[in-house]
Each structure stands twice: as C-alpha cells, then as structure tokens.
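>>> Sequence and predicted structure are below.
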Amino acid sequence: MSSSVIDLKRVYRSFKSGRDIVPVLQDINISVNRLEFLCLVGESGCGKTTTGKIICGLLPPSAGIVEFEGADIASLRGEDYRRFRRSVQIIHQDPYASLNPTQTVSEMLSYPLVRHKLAPRGRGVLQRVHELLELVDLTPVGDFVNKYPHQLSGGQRQRVSIARALTTEPSVIVADEAVSMVDVSIRIGILQMMMDLRDRLDVTIVFITHDLALAKYFAWDGRIGVMYLGRLVEIGRTQEIIRDPQHPYTRVLLSAIPEPDPEKTRSKQHIQLRSEDIPRLTELPPGCSFHPRCPWYMAEVCDQEVPELSVSFQSGSDVEVACIPLQRGTELVLHDA
C-alpha cells in the first residue's frame, strides 16, 4: 500500500474574471503522506488556499487528478465518496465567518455526529460533544457547550472550528491559516494542541501559512512546500530546506526571517529582490515566473523556459526544486539590486 493518502497529479485550476481567465494553479504535483505534517508556504495569492480546497474536494481541478488512497475522487460515488468527505476536513482561516452565529457550540458539533451517525442520538451525541471540547482544551466543558460564537474569544472560536473538523474522525485535516486571526500570545498553544492531536488521533495535517517561521516551527519533523504564483517551486524535508534552501525565492524568504539573537539579526544578510512588484496572474512573465524579481536571474535561461520540479543537481538531498540553472548544475551568482 502506498504511504501517501492524498495525491495531486498535474493539477491546474483557473477562474474566470470578466473576460479574463485567471490561472491560479499550474502543474501542481504533491503527495501527502500518512501521519505527516506538510506545510504549504507562500505569499498571499500564490494559490495555497486553492490547493487546500482542492485537497478537500471543495473545489474541482480544471485539469489533473486528485487521488484519495489511490482512487480518483472524481470517480467516487455513494459510500466511497461519503467516506472521502468524512476523512478529509478543513479548518478555515476566519473563525468569525466559518461558524454559524445562530447555533450554539453544542448544536454545531452535534449536527455532523447525527448526520453521519457517528454517535447514538441523545446522551451519546452529548457525550461525544463533551469529548471533542476536551480534546481541544475547552474546559470546563460546561462553560462553552451552550455558548454562541459571539460569546467566545477568537482563540476559543478557532478551537471550536478544530473540534468541528474532528467530529467526523478524519484521517486528513487541512488547516488554512488556522492561527493567523488569533492573538500571537495564543498561537503556540493552538499549534502545540494540533501537533498533539496528530499523535493522539493518527491524523495527517496539511498546514497552510504565509509565515515561513511558523512553518519551520510546526513542521520541523515534516515537509515544507514553497509556492509562488500558482506553482510549487520547492518541496522537501523542513530541516533540509531551512538548512540549505535551493530555490531563489526560498532563499529570499529565509533571509527575511528575524533571528531571536539580535547579533545574528544584525549580521544576517538580507537578500534584495530585483523588483518588489509581483506579476499579475493574468499577465505572467515568460519562463520562470519569479525571474523578474530573482536576484540570481540569468538572461536567456530563466526568461525562456518554464522549470519543472526535480532534484537539484547541487543538492545532496532529495529536495525538489523548480529552477533551471540549479537543475543544470550552474553556479548561481547573486546580482546587486
């Protein structure tokens, strides 16, 4: 049996905006392995949330295949499709918008339990609601079970969202910027809780974030996939990417992360982009889409051929990178901005 639970193969996704066709995802190939932490990182608009929704089946790909446990989800019917939808759940970014303001916490958590017959009606459902609230550290349970979303703090609302995702006993959870809208002081607590849930419930977590430092903390024992303008530009073990980033975009992102030690921060080289302007998705440049901003840009190479993911010639690991000069073994030369 394959070690992967979700596979995206040559996935494309575009949207229509007026007369324009906006290519949000292009040629995405990702395998999500069982019980791993996989972080998708990138700037706003890079397509990471769209990727998460396609993984969950909330959006169909415009082209390509999405497989769940080896089966194309587009071909699933009846009980097979229902099992997929129960098995892959999403935690939305905004707990203010994702929770029904007219329902109590108990009502929100009870509905999927009853709908999918996951607990006996009556006391069985109520008992399971209490167990879910305890799982996400909303205790004492009696203080939360009958409250409405507006009576909860932002962190408490997000914990309810996590509990709701757990109601169907999923094997995969997609956490879309799950801590970006809560106070910094409670982010670590929620992240640690999610890390504990993976071990306690045997669940795979795909964590979507724009913060590479957060991805480094959350997926230190997992993998990171770096996205830029709808493409995956680098993917591999987190420790390897942090130690020796290959793609120029990843190098730029890492150079911008402040270090806890002020001395290291002052001495750290900050890589300057050739341009601060991000190309529009409707007007993507030819060749590598990062080349107009890339400090290692090579004329007549980077602006002519679209790179595909492959193992870097210069890397001693299995990190995959989409950079033609690296794939050809060419030494990158940093240009002055």
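Good, I have the coordinates.
>>> Determine the number of other residues adjacent to residue 230.
By other Cβ atoms under 10 Å, 25 other residues sit near residue 230. Backbone N, C-alpha and C define where each C-beta goes, glycine included.
>>> isn't it right next to residue 49, touching?
No - using Cβ atoms under 8 Å, residue 230 is not in contact with residue 49; the gap is 11.7 Å.
>>> Touching, residue 252 and residue 274? I think so.
No - using Cβ under 8 Å as the test, residue 252 is too far from residue 274 to be in contact (10.4 Å).
>>> chain center to stretch 102-119, what's the gap?
Chain-centre distance of stretch 102-119: 26 Å, with Cα atoms, centre = their mean, to the nearest Å.
>>> again, but for stretch 239-259
18 Å.
>>> Pull up the distance across that stretch, start to finish.
Using Cα to Cα, to the nearest Å, one end of stretch 239-259 lies 16 Å from the other.
>>> what does stretch 142-149 give?
Counting by Cα to Cα, the terminal residues of stretch 142-149 are separated by 15 Å.
>>> which parts of it are buried?
Neighbour-count burial for stretch 142-149 flags 144, 145, 149 (criterion: 16 or more other Cβ atoms under 10 Å).
>>> Check stretch 99-115 too.
Within stretch 99-115, the residues scored as buried using 16+ other Cβ under 10 Å are 99, 104, 105, 106, 108, 109, 110, 112, 113.
>>> Next step: those residues restricted to helices.
105, 106, 108, 109, 110, 112, 113 (DSSP state H).
>>> Do I have it right that the fifth one meets residue 123?
No - proximity of residue 110 to residue 123 does not meet the contact threshold set by Cβ under 8 Å, at 11.8 Å.
>>> for the protein, what helix or strand is lowest in average pLDDT?
helix 262-267 (a mean of 70; mean pLDDT, DSSP states H and E).
>>> quick one: average pLDDT of the helix or strand that that one is followed by?
Downstream of helix 262-267, the first helix or strand assigned by DSSP states H and E is strand 310-311. For strand 310-311, mean pLDDT rounds to 83.
>>> One more: stretch 111-120?
On average, stretch 111-120 scores 90.
>>> how about the helices in the protein?
With helices called from DSSP H, the chain shows them at 48-56, 78-87, 95-98, 105-115, 123-135, 154-166, 184-201, 212-218, 238-243, 248-255, 262-267, 324-327.
>>> Make JSON lines from those and add distance to residue 286 to it.
JSON lines is the format used below for the helices of the chain (distance: least, Cβ to Cβ, whole Å):
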{"stretch": "helix 48-56", "distance to residue 286": "23"}
{"stretch": "helix 78-87", "distance to residue 286": "38"}
{"stretch": "helix 95-98", "distance to residue 286": "38"}
{"stretch": "helix 105-115", "distance to residue 286": "47"}
{"stretch": "helix 123-135", "distance to residue 286": "50"}
{"stretch": "helix 154-166", "distance to residue 286": "41"}
{"stretch": "helix 184-201", "distance to residue 286": "40"}
{"stretch": "helix 212-218", "distance to residue 286": "28"}
{"stretch": "helix 238-243", "distance to residue 286": "27"}
{"stretch": "helix 248-255", "distance to residue 286": "17"}
{"stretch": "helix 262-267", "distance to residue 286": "37"}
{"stretch": "helix 324-327", "distance to residue 286": "13"}
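>>> closest one to residue 14 among the ones you listed?
helix 48-56 (10.0 Å; Cβ to Cβ).
>>> List the buried residues for stretch 198-210?
198, 203, 204, 205, 206, 207, 208, 209, 210.
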